[in-house]
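Q: fold the following for me, if possible:
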Amino acid sequence: MLFHVILSRQEMAESVHVPALAISSSYALDPPRHTVLVRITHWINTLSFLALVTSGAAILLAHPRLYWGETGAFGSPALIELPLPLNLDQSGWGRSLHFLAAWVCVVNGTVYVLSGLMSRHFTSNMLPAAAEVRCSPILHTVSNALHWRQPHDEETMTYNTVQRLTYLSVVFVLFPLMIVTGLGMSPAVAAVLPATVEIFGGHQSSRTVHFFVTGLLVVFLMVHVSMVCLAGFRSRMRAMITGRGAATRENT
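A: This is a model prediction of the structure:
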């Protein structure tokens, strides 16, 4: 009788430990590709950027002309006249939403960058080695993307050189430029920090640079979504939502 009691307790213990061991093994074999903070900041940035583009378009339609220098208005010569319909009825809500989404984007981006610097995420996962920055492999990667060739399994394990350089440019060049030029268009900010205007040569210059930087970010977004679809939309989306992907091992 005592033997049966000991045996039953041992079986119960094994039934408790085996699932835990299976979960632990599964975690070791398929570690999270994206940390919780990266996933949260990614989706907040996605929503805020879409809000910025939508509200920015409404603001642009109220004056679809670009200038260079300090001033510019209807009747004065424009640097570029955009082929867009004039619409003065949408700029009110557009400016309010743009202002709100801009600060959400700034705070969220600051959290992401500080976290990446503290965890050495950018140097370990983003910064390519000097030997990797060569024309031949870069052109090969671009050619594969243009011809819509799916990457091999081993290529999905990490970022390629083109991805690394692109992401670093977006994080440390394009987004800071968009923020600084956006601040340069604000009279209140310019009064406190005149350098935000002077560095670009005036309020209208800041607006023009802001427009083109936003265009580059929109192009990046389109290419990014296309590459996600090419690499496997479901697995990549699952990795960015749950942290786990089908064919990836890099903890980003």
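
Q: may I see the buried residues of the helix or strand where I138 lies?
A: Per DSSP states H and E, I138 falls inside helix 135-146. Buried residues in helix 135-146, defined by neighbour count with 16 or more other CB atoms under 10 Å: I138, T141, N144, A145. C-beta coordinates here come from the backbone N, C-alpha and C atoms, glycine included.

Q: next SSE after that helix?
A: Later in the chain than helix 135-146, the nearest helix or strand by DSSP H and E is helix 161-169.

Q: relative to helix 135-146, how tilted is that next one?
A: 90 degrees (axes from the mean of the first three to the mean of the last three CA atoms, to 10 degrees).

Q: show me what counts as buried in whatever helix or strand comes next after helix 161-169.
A: Sequence-wise, the next helix or strand downstream of helix 161-169 (DSSP H and E) is helix 175-184. Within helix 175-184, the residues that qualify as buried are F175, L177, M178, I179, V180, T181, G182, L183, G184, counting by 16+ other CB under 10 Å.

Q: equivalent analysis for stretch 202-216, please.
A: G202, H203, Q204, S205, S206, R207, T208, V209, H210, V213, T214.

Q: how near is the fifth one to W68?
A: Read that as S206. As judged by CB to CB, to the nearest Å, S206 and W68 stand 10 Å apart.

Q: can you check the last one too?
A: For T214, the distance to W68 equals 17 Å [CB to CB].

Q: kindly report the same for I80.
A: The gap separating I80 from W68 is 9 Å, by CB to CB.

Q: ok, these two, which is more surrounded?
A: Comparing I80 with W68 by other CB atoms under 10 Å, the one with more neighbours is W68, at 16 against 13.

Q: and the buried residues of stretch 202-216, which is closest to S48?
A: S48 has its nearest neighbour among the buried residues of stretch 202-216 in T214, at 13.1 Å by CB to CB.

Q: spit out the contact partners of that closest one.
A: Listed by CB atoms under 8 Å, 6 or more residues apart in numbering, the contact set of T214 reads L52, V53, G56, M178.
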